[in-house]
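*Asks:* Provided below for reference: sequence and predicted model.
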Amino acid sequence: MVIQINFEEFDLELGYDTLTIGDGGEVGDPKTILQVLTGSFVPDLIVSMTNQMWLHLQSDEKIDKESCGDPGTPLYGMREGDGFSNGDVLRFECQFGFELIGEKTISCQNNNQWSANIPICIFPCLSNFTAPMGTVLSPDYPEGYGNNMNCVWLILSEPGSRIHLAFNDFDLEAPYDILTLKDGETLDSSVIGRFTGAEVPSHLTSNSHILRMEFQADHSMSGRGFNITYSTFGHNECPDPGIPLNARRFGDSFQLGSSISIICEDGFIKTQGAETITCELKGGKVMWSGPIPKCEAPCGGHFSAPSGVILSPGWPGYYKDSLNCEWVIEAEQGRSIKITFEKFQTELNCDFLELHDGPNLLSPLIGSFNGTQVPQFLFSSGNHLYMLFTTDNSRSNSGFKILYESVTVDAYSCLDPGIPVNGLRYGQDFSIGSTVSFGCDSGYRLSHEEPLVCEKNHWWSHPLPTCDALCGGDVRGPGGTILSPGYPEVYPSSLNCTWTVEVSHGKGVQFTFNTFHLEDHHDYLLITENGSFVYPLARLTGAELPLPINAGLYGNFKAQLRFISDFSISYDGFNITFSEYTLEPCDDPGVPHYGRRNGYSFGIGDTLSFSCSMGYRLEGVPEIICLGGGRRRWSAPLPSA
């Protein structure tokens, strides 16, 4: 048996404190020292040659690392001071309207620990607001307000003015946790709004110069809470309507008789209100002529402009479940349509975007896409392009942002076929009769290797291939990459994948982990160097990035990896690179007196044979082999003549 030492952390005073590691023998024996380590660099894997190792840590009398480290700054707080050495003092205070809980000052002590934790800034549960504008937050927003809350806030403005509320975020446990708004100072003032759940309320305006806010939460679950901005305004003006999401506002005067206009950003349409609203007098009250417009990404549409933007419904938020959205893009006769994917992320294997080369679903399919793997761009062959977005009734994602434009078709060439995601293209000539071929980045495999030919009908002979991270396979060579299936997407469930890695004769293989995230305990990666997974070299799971692992010590020049995932939760998987390294050879065994040796290589697996000079007889085995393992040795002693 041999011993392996993996270092997860390492931090010694450089040049003064050392860790000495020896292989067998007595502690401190200079003949057995493997390494002397110092500084902050995490050492590589160390493997013993025997079944015993010793470690000796030596430090001097002085510690040079006299620092407590950066403790951070409280959320909604400020910090005075930027020194973290012994004796330094930091002072904290909270933003206006927040209360500081904890120590206002902390100091770095000689034991390299701060004298106290940093304080926190909380929004008080009972408070009056007299500033002309400000923010009201639920306690501990956005971390959750807790249970058994009974909070009251009063917003007090000048007599003759009113108060306007804009809800920036809202998430309460429905129907048990409630925010009630009252038009006045007292408990029995008239209610002008009562809200619960996760739907963000519309803007709200008081009728008087005092607004009472009451928040009650029960004894059980809590939501994220709320973030509300308030502002006060005069008797002859309308409240600031704000700027809607995904829109631009023109006009900054809110006086009686003034108007403002709202224009939606590209890709969004107006789903509520008029484009222009006017501050006017209605029933003795000064108010806007209509609700503030709302700009949203539509579920489908017909586009005939020479260029534009198509967004998934709900953009830039997540799209909804159970969608079936159809878009048709129409260009002028004789032109084609170019699609560029600026953003794309849908639920893998569940929510799909189909593109068809024509005006409807029966037109030829160009491609069906899900997850994050999309080409850079696509072209239609004619002046119509049909898009269909379907989602299931479970999880959703951020969706897509697609740019389109009409382009002129060259009569003597095909359109640019694009480049596969995680791939590359060989050839830039797209004229009729030309060919282009493709390759993949390390770790990916091409779906088909046949080159694409630009045919006389201006179409390529095959669809653009894809570069896929597959489940298992044989990998040979001095280096390469192994990826979890579907990488960088989350890997599928119920996998059983085996990769065999073979390097050159006399070499070992080192695995370096670039990314690693599996479902802890349930999904795991096994690594072995002897073909058996019963007692693997390593069993890896969870999200901690493993240290490099060496395999192939026993001279089979192969290593195997097996990835198992269960039927439930999946994560991002792994990206592992491997490289070969030279294994330590056996010592030169010499040549028998009055004998001859056939062979000059002493690497693992190499064979030497012996014979005697005329008149002598060989004592011992005629052939020996260099064996692998922790300590290199020959299979038998050198024979004699």
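*Replies:* Yep, that arrived.
*Asks:* all helices for the stretch 401-550 of the chain, in order.
*Replies:* In the stretch 401-550 of the chain, no segments count as helices under DSSP state H, counting those that start in this stretch.
*Asks:* remind me which residues of it are low pLDDT?
*Replies:* Applying pLDDT under 70 to the stretch 401-550 of the chain flags the ranges 411, 457.
*Asks:* how near is the residue nearest to P546 when sequence neighbours are not counted to I564?
*Replies:* Sequence neighbours aside, F513 is the residue nearest to P546 in space, at 4.8 Å (criterion: Cβ to Cβ, 6 or more residues apart in numbering). In short, each C-beta sits where N, CA and C put it, glycine included. F513 sits 17 Å away from I564, going by Cβ to Cβ, to the nearest Å.
*Asks:* If we go by neighbour counts, what in stretch 275-285 is buried?
*Replies:* I277, C279 (16 or more other Cβ atoms under 10 Å).
*Asks:* no no, stretch 448-459
*Replies:* Using 16+ other Cβ under 10 Å as the test for burial, stretch 448-459 gives P451, L452, C454, H458.
*Asks:* Show residues contacting it.
*Replies:* Stretch 448-459 is contacted from outside by 381, 409, 413-415, 417, 430-438, 460-462, 464-465, using Cβ atoms under 8 Å, 6 or more residues apart in numbering.
*Asks:* 10 Å - rerun?
*Replies:* 336, 357, 364, 379, 381, 409-415, 417, 425-427, 429-439, 460-466 (Cβ atoms under 10 Å, 6 or more residues apart in numbering).
*Asks:* Of the residues you listed, grab the buried ones for PyMOL.
*Replies:* Buried residues within the contacts of stretch 448-459, by 16+ other Cβ under 10 Å, are selected in PyMOL with:
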select buried, resi 336+357+379+381+409+414+415+417+425+430+436+438+460+464+465+466
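*Asks:* So which of the contacts of stretch 448-459 sit within strands?
*Replies:* Among the contacts of stretch 448-459, the members falling in strands (DSSP state E) are S336, F379, R425, Y426, T435, V436, S437, F438, G439.
*Asks:* need the residues you listed in a markdown table with distance to I21, can you?
*Replies:* Shown next, in a markdown table, are these (distance: Cβ to Cβ, whole Å):
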| residue | distance to I21 |
| --- | --- |
| S336 | 67 |
| F379 | 62 |
| R425 | 50 |
| Y426 | 50 |
| T435 | 58 |
| V436 | 55 |
| S437 | 52 |
| F438 | 49 |
| G439 | 44 |
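*Asks:* Looking at those, which one is closest to V591?
*Replies:* Each of the ones in strands among the contacts of stretch 448-459 was scored against V591 by Cβ to Cβ, and G439 proved nearest at 50.3 Å.
*Asks:* Can you tell me the closest non-neighbouring residue to I33?
*Replies:* Spatial nearest neighbour of I33, excluding adjacent residues (Cβ to Cβ, 6+ apart): G22 at 5.1 Å.
*Asks:* Surely the one you found and D29 touch.
*Replies:* Yes. If you go by Cβ atoms under 10 Å, G22 and D29 touch, sitting 6.3 Å apart.
*Asks:* Common neighbours of the two, please.
*Replies:* Residues touching both G22 and D29 (Cβ under 10 Å, 6+ apart): W54.
*Asks:* Next one: the residue nearest to I33 from I5, what distance?
*Replies:* Where I5 is concerned, G22 sits at a distance of 12 Å (Cβ to Cβ).
*Asks:* Next: G506.
*Replies:* Counting by Cβ to Cβ, the gap from G506 to I5 is 25 Å.
*Asks:* and what of Q376?
*Replies:* From Q376 across to I5, the span is 47 Å (Cβ to Cβ).
*Asks:* Neighbour count for the two, which is higher?
*Replies:* I5 (15 against 12; other Cβ atoms under 10 Å).
*Asks:* list the contacts for the residue lying closest to the more buried one once chain neighbours are set aside?
*Replies:* Leaving aside its sequence neighbours, I5 sits nearest to I46 (Cβ to Cβ, 6+ apart; 4.5 Å). Counting by Cβ under 10 Å, 6+ apart, I46 touches I3, Q4, I5, N6, F7, I21, D23, L34, Q35, L37, M53, L55.
*Asks:* Many thanks, I have nothing further to ask.
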